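Enquirer: Need coordinates for the below:
(2 chains, ligands or ions: 2)
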Amino acid sequence: MTALLARLLGRLPIGWLQLTHSRTRMAAALAGVAFANVLVFVQLGMMGALNGTVEMTYAPVRADILISSEDANTLTDGSPLSRRVLFQALSDPEVAAAAPFYLAKVDWSRENGSTASLNVYALPAEAARFAGPDIAGSLATLALPESAMIDERTRGADPEALAGITPQAPLRFEANGRTITATGHFSLGGGFSADGAMVVSDQTFLRLFPARIAGTPTHVLVDVTPGADAGLVAARLSDRLAGEAVQVRTMAAAQAADLSYQTTQRPTGVIFGFGVAMGVLVGLVIVYQVLSTDVADHLREYATFKAMGYPHRFFLGIVFEEAAILGAIGFVPGLILSLGIYAAMAEATALPVVMTPLRAVLVFAGTVLACAASGALATRRLRAADPADLF
Amino acid sequence: MDPIAVNGLNHWFGTGEARKQAIFDVSLTIERGSLTVLMGPSGSGKTTVLTLMGCLRDVQQGSVRLLGAELNGADTAMQETMRRRLGFIFQAHNLHESLTARQNVLMGLQVHGRGDPSRQRDAVDHILTLLGLGHRIDYLPGNLSGGQKQRVAIARALVANPDIVFADEPTAALDHDSGHLVVEMLKRLGQERGTTTVMVTHDNRILDLADRIVTLEDGRIVRDSASLAHPATMSTGGGSVVRTDHGA
Ligand SMILES: Nc1ncnc2c1ncn2[C@@H]1O[C@H](COP(=O)(O)OP(=O)(O)OP(=O)(O)O)[C@@H](O)[C@H]1O
Ligand SMILES: [Mg+2]
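Expert: Ligands and ions are numbered 1, 2, ... in the order given. Below is the predicted model of the structure:
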């Protein structure tokens, strides 16, 4: 290792020799770096789970354009729309299809006495083009009154039992005073506001929620004709519907706005954002502490080198070498520990707490950079002082 | 040209109330290839003068010309260039704890650039062997005795053939024989290569090797053997003391 680094650096690998000289101190420094990594990863994991659940709510449906009520900040809130909106959208020459999309929440009272809160997604049974890939194939079967597909990953449910549901072996349960027959299943999972989901036809939805007036969907899903630009069509529809209290956005834009709203306007999002900021801040402080202590411990030795005529960039080189070594070696246990914590968090909450490669790379690069900056900062005293004053 | 020419040097430590003058109007010119010993009681300013002459402390007032260059007001780049031409042996050995004897000495060579690794290694091993450390080349400082550490520090200072060697009590940790050996070596360097040596020492046993003895007290030069033994040199300038009375 020493020989390799010596060849790489073109000088003695002082940083490496220094770190490995006192193993206990190196272990402490690595523990510090690893802990900082875990802290940041856990916070990012929670933030990522929130983002993931926002994305998840969109998975059962698809469309080029989403028309929502003006007051709909997320997919799951907002006033019902007027049916006129659907017809006006359809009258645009570049609109290929449009469908009403109903969304509401229902409590599923299970036999064991517990209840699960389900997001109920409802589309016309013949509107398979607007269903997500997991659902499109079976949507037509939901034309049967009071039949449903149920989310096999519903929190607190036995996933194997739900995954065993078939039209021949259906699951019957009570919801809103109706007996629902689940004849199929799909995979989604719980979020922060619901434990799971089910998909029904628009007809079944209106029976479950008799207070909902027919023809007042939560959103309208729109597909443009092949070759048409969804953004342009959305803008045109927006003009056409200027008199209605609606917003017309491409699906991607709606999803992005939803995410931004949930992470910056909702208390959960804001708290998670603070968590990430605090995690990064505390991580920085730990890493700074590790590197500046290390520099302080070697100040006398560095002063000797300075007295011999070594320039300041030589010390920066040593510190960067140490930063890279500590950042790289400390990252491994930090990542492994974080993966374990992620698994435990996902298990306990049934939230999508997952490590993404991008996140791992960013945290790694951030750690090395923070180590290097901390070390560089810590060498300032060396730069300013006369060598004779540091012995 | 004399390698060291100090003129009207004053130095203060501390700031505000605590500001205290440590060096008073020191002037001193040192000849090439000579071995000069700085003596004086503890706290008389020997180390301060040595570090000011050795480019390890910014000159506050007065002039220090080292190898023809003025140190008062020198910028960082010039200080670094200058330091590479000097060898410093410190009061404490100041070795790098995580580097072996060989690696420590190598640092004295590598400051001049990468060079040929095997030739650098040979030069390092040669000087360590010369100093009686041939069997300790791969030892870390923690496994060396005080005297051995000091000899490694001496090897580090000398390995790159400096123009001037500054040494602050280099023999304090050595027994009589090895102390004498080190000073003899410095003296021989002076004769063979014209290396100038300025050494602070309390060690009376090596005074016989000194070309010149300068005594400091309370930050002032109070005695200079050059002006006693060779009063004639005063007028020629070389190796003489130039005492001016600027007042403190
Ligand atoms: N960094 C410093 N800050 C403040 N005062 C200092 C500093 N260094 C030296 N002094 C003071 O300057 C004076 C000269 O100190 P110096 O170390 O040069 O003496 P010295 O002759 O080398 O002594 P010794 O024989 O003990 O090494 C002393 O009064 C000392 O207290
Ligand atoms: Mg001293």
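Enquirer: Nearest residue to the spatially most central residue of chain B in space, ignoring adjacent ones along the chain?
Expert: Residue closest to the average C-alpha location in chain B (C-alpha atoms, centre = their mean): B:Phe166, at 0.6 Å. Closest residue in space to B:Phe166, ignoring its immediate chain neighbours: B:Gly54 at 4.2 Å, by C-beta to C-beta, 6 or more residues apart in numbering or on different chains. Where C-beta positions appear, they are placed from N, C-alpha and C, glycine not excepted.
Enquirer: chain center to stretch A:110-129, what's the gap?
Expert: 24 Å (C-alpha atoms, centre = their mean, to the nearest Å).
Enquirer: just checking, the residue nearest to the centre of chain B is part of a strand?
Expert: Yes. According to DSSP: H, G, I helix; E, B strand; the rest coil, B:Phe166 belongs to a strand.
Enquirer: what about the longest strand in chain A?
Expert: When chain A is parsed with DSSP state E, its longest strand is strand A:95-109.
Enquirer: Within the sheet, what are the partner strands of that strand, with directions?
Expert: strand A:115-123 (antiparallel), strand A:219-224 (antiparallel) (DSSP bridges).
Enquirer: What are the buried residues along that strand?
Expert: For strand A:95-109, the neighbour count (16 or more other C-beta atoms under 10 Å in any protein chain shown) marks A:95-104, A:106, A:108 as buried.
Enquirer: repeat for stretch A:199-214
Expert: A:199-209, A:212.
Enquirer: go on, stretch A:338-348?
Expert: A:338, A:342, A:345-346.
Enquirer: who's in contact with the residue nearest to the centre of chain B?
Expert: If a contact means C-beta atoms under 8 Å, 6 or more residues apart in numbering or on different chains, then B:Phe166 has B:50, B:53-54, B:86-89, B:197-199 as its contacts.
Enquirer: Specify the beta-bridge partners of it.
Expert: B:Phe88, B:Val198.
Enquirer: how close does it sit to B:Pro117?
Expert: 28 Å (C-beta to C-beta, to the nearest Å).
Enquirer: got it, and A:Val332?
Expert: Taking C-beta to C-beta, one finds A:Val332 at 32 Å from B:Pro117.
Enquirer: Verify the stated contact: A:Gly273 with A:Gln265.
Expert: No. A:Gly273 is beyond contact range of A:Gln265, at 10.7 Å (criterion: C-beta atoms under 8 Å).
Enquirer: Looking at those two, which has the bigger crowd around it?
Expert: More crowded of A:Gly273 and A:Gln265, by other C-beta atoms under 10 Å in any protein chain shown: A:Gly273, with 15 against 11.
Enquirer: For that one, grab phi and psi.
Expert: Dihedral pair for A:Gly273: phi -60, psi -40, per degrees, to the nearest 10.
Enquirer: Just give the nearest non-adjacent residue to it, would you?
Expert: Leaving aside its chain neighbours, A:Gly273 sits nearest to A:Thr263 (6.2 Å; criterion: C-beta to C-beta, 6+ apart).
Enquirer: With B:His176 instead?
Expert: That would be B:Arg205: by C-beta to C-beta, 6+ apart, it lies 5.9 Å from B:His176.
Enquirer: Name the SS class of that neighbour, please.
Expert: Under three-state DSSP, B:Arg205 falls in the helix class.
Enquirer: Could you measure from it over to ligand 1?
Expert: Distance from B:Arg205 to ligand 1, counting by C-beta to the nearest ligand atom, to the nearest Å: 17 Å.
Enquirer: hang on, that residue packs against B:Asp177?
Expert: No. Taking contacts as C-beta under 8 Å, B:Arg205 lies outside contact range of B:Asp177: 10.1 Å.
Enquirer: between these two, who's got more neighbours?
Expert: B:Arg205 (12 against 9).
Enquirer: can you pull the contacts of the more buried one?
Expert: B:176, B:179-180.
Enquirer: Same check on A:Ala388?
Expert: A:Ala388 sits next to A:307, B:47, B:51, B:56-57 when contact means C-beta under 8 Å, 6+ apart.
Enquirer: ok, so of those residues, who is nearest ligand 1?
Expert: Nearest to ligand 1 among the contacts of A:Ala388, counting by C-beta to the nearest ligand atom, is B:Thr47 at 3.2 Å.
Enquirer: ok and the helix ranked longest in chain B relative to strand B:164-168, angle-wise?
Expert: Determined from DSSP state H, the single longest helix within chain B is helix B:176-193. Computed by axes from the mean of the first three to the mean of the last three C-alpha atoms, to 10 degrees, the angle separating helix B:176-193 from strand B:164-168 equals 160 degrees.
Enquirer: Give me the buried positions along helix B:176-193.
Expert: B:178-183, B:186-187, B:189-190.
Enquirer: What is it packed up against?
Expert: strand B:35-39, helix B:146-158, strand B:164-168, strand B:196-200 (3 or more C-beta pairs under 8 Å, 6 or more residues apart in numbering or on different chains; DSSP states H and E).
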